[in-house]
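J.: task: produce atomic coordinates for the following.
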Amino acid sequence: MIQVLFFASIREALGVSDLEMDAAGLATAADVAKSLAARADGAWHKVMGREDLLIAVNQTVVKADHQIEDGDEVAFFPPVTGG
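T.: Residues are numbered from 1 along each chain as shown. This next block holds a predicted model:
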């Protein structure tokens, strides 16, 4: 199992702050996002299908191709803007 966390506008759009997923068949952080985007609710596809999401695995920001393992924590953040 992996723990998945959602922050800021992602959490608001999905109406959930965290969930657990079976890690079987998920090799990368991108696989987690794709699996979540495939959920029946259109909001999941709209939010998790974005390519500009920031991803952290075990509290370290990673690229989408980062390998995940059973027991990992995967967090999704919206893109950061500033000035």
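
J.: so how far is residue 80 from the closest residue to residue 15 other than its chain neighbours?
T.: Leaving aside its chain neighbours, residue 15 sits nearest to residue 43 (7.9 Å; criterion: C-beta to C-beta, 6 or more residues apart in numbering). Bear in mind the C-beta positions are built from the backbone N, C-alpha and C, glycine included. Per C-beta to C-beta, to the nearest Å, residue 43 is found 22 Å from residue 80.

J.: contacts for the lowest-mean-pLDDT helix or strand in the chain, please.
T.: In the chain, no helix or strand scores lower on mean pLDDT, DSSP states H and E than helix 42-48, which sits at a mean of 90. By C-beta atoms under 8 Å, 6 or more residues apart in numbering, the list of residues contacting helix 42-48 from outside reads 10, 13-15, 33-34, 36-39, 76.

J.: can you do 7 Å?
T.: 10, 13-14, 33, 36-37 (C-beta atoms under 7 Å, 6 or more residues apart in numbering).

J.: and if you look at stretch 61-73?
T.: By C-beta under 7 Å, 6+ apart, stretch 61-73 touches 1-3, 5, 23, 26-30, 32, 54-58, 74.

J.: filter those residues down to the buried ones.
T.: By neighbour count, with 16 or more other C-beta atoms under 10 Å, the contacts of stretch 61-73 hold 2, 5, 23, 26, 28-30, 32, 54-57, 74 as buried.

J.: now the two most distant members of those residues.
T.: 23 and 54 (20.8 Å; C-beta to C-beta).

J.: so for the helix or strand hosting residue 75, mean pLDDT?
T.: Using DSSP states H and E, the element containing residue 75 is strand 73-77. Average pLDDT, strand 73-77: 97.

J.: okay, buried residues for it please.
T.: 74-77.

J.: the nearest residue to residue 30 once chain neighbours are set aside: neighbour count?
T.: Leaving aside its sequence neighbours, residue 30 sits nearest to residue 64 (C-beta to C-beta, 6+ apart; 3.9 Å). Residue 64 is flanked by 15 other residues according to other C-beta atoms under 10 Å.

J.: touching, residue 53 and residue 33? I think so.
T.: Yes. Applying C-beta atoms under 7 Å, one finds residue 53 in contact with residue 33, separated by 6.5 Å.
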